[in-house]
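1. Return a 3D structure for these sequence lines:
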Amino acid sequence: MTGRVYLVGTGPGDPELLTVKAQRLLQNSDVVVYDRLVSDEILEQIPPGVSRIYVGKRSGRHPVPQAEINQLLHRLAEAGHVVVRLKGGDPFVFGRGSEEAAWLAAHDIPFEVVPGITSASACSAYAGIPLTHRGLASGVQFVTGHSQADRELDPDWRSLADPDKTLVIYMGLANIARISRELIAAGLPSGTPAAAIEQGTTARQRRLLTTLADLPRMAREARLAPPVLFVIGRVVSLAETLEWFEPQAATAVLPVEREGHG
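-> Numbering: from 1, shown residues only. Next comes the predicted model:
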């Protein structure tokens, strides 16, 4: 009997951001396959006796390549297991969940996708930054700040340099100097408000508020470490007014990484 794979988003760290469905699936799983940025507090919700398999990646270090993860999910489901594949944030937002879903579909393995709160909305909210706000931002763009191996980061900078939209950059710590430079060259004012959010929604959250021009220097001087999310746009000017989160009162923590991409 073939089992089923659930591609489950866990949000960026705070265990209370898990959906009810995600919690139910954790309680009824046979095997949990999880990434590096799934907090210990979320893993603690897995019942005793449920197998755990770690397949975490970090920049330049993929101890379990994606192809092997795909095959692992395939084998576990074919053996009849209920498999919960835990991913930080949302599995379909820079989480490679669609690649795993495509593999499962191609091999006739039943699967479901359980959305999670993506880092863009959760971390910005915990930093006091709305992604849209009347008169400040009429839209939002999510982009990745790094490219595949051996490829140059080359998005459409002009389309990203839209002062009427909020720009949220995932995994951009290693390239933030170039990102800042290219956005300014494409026409986004150098004084545009910008924020860097490290370990968002967790007890280790740090928030830097600055401008687009000063963002690389501030990130460097603060010795930010992944995971870091960058938010660029006029909405960042509301951060101090809307500040509400107290990291010292939070419980969740994420691993600290001192190299690679944010």
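2. In this structure Val33 contacts Gln71, no?
-> No. Look at Val33 against Gln71 with C-beta atoms under 8 Å: they stay out of range, at 11.7 Å. Where C-beta positions appear, they are placed from N, C-alpha and C, glycine not excepted.
3. which one of the two has more residues nearby?
-> Val33 (23 against 13; other C-beta atoms under 10 Å).
4. which residues does the more buried one contact?
-> Ile53, Val55, Ile69, Leu72, Leu73, Leu76, Val83, Val84, Arg85, Leu86 (C-beta atoms under 8 Å, 6 or more residues apart in numbering).
5. Pick out whichever of those sits closest to Asp154.
-> Top of the list for closeness to Asp154, among the contacts of Val33 and by C-beta to C-beta, is Ile69 at 27.4 Å.
6. so what's the residue lying closest to that closest one once chain neighbours are set aside up against?
-> Sequence neighbours aside, Val55 is the residue nearest to Ile69 in space, at 5.1 Å (criterion: C-beta to C-beta, 6 or more residues apart in numbering). By C-beta under 8 Å, 6+ apart, Val55 lies in contact with Val33, Tyr34, Asp35, Pro63, Val64, Glu68, Ile69, Leu72.
7. thinking the third one is in contact with Lys87, fair?
-> Meaning Asp35. Yes. Using C-beta under 8 Å, Asp35 is in contact with Lys87, at 5.4 Å.
8. These two: who's more crowded?
-> Using other C-beta under 10 Å as the criterion, Asp35 and Lys87 rank with Lys87 on top: 25 against 19.
9. wait, isn't the more buried one in contact with Gly97?
-> Yes. Counting by C-beta under 8 Å, Lys87 sits close enough to Gly97 to count as a contact (5.9 Å).
10. which stretches of the protein form strands?
-> Ranges of strands in the chain, per DSSP state E, are 4-9, 31-34, 51-54, 82-87, 111-114, 139-144, 165-170, 193-198, 206-211, 228-232.
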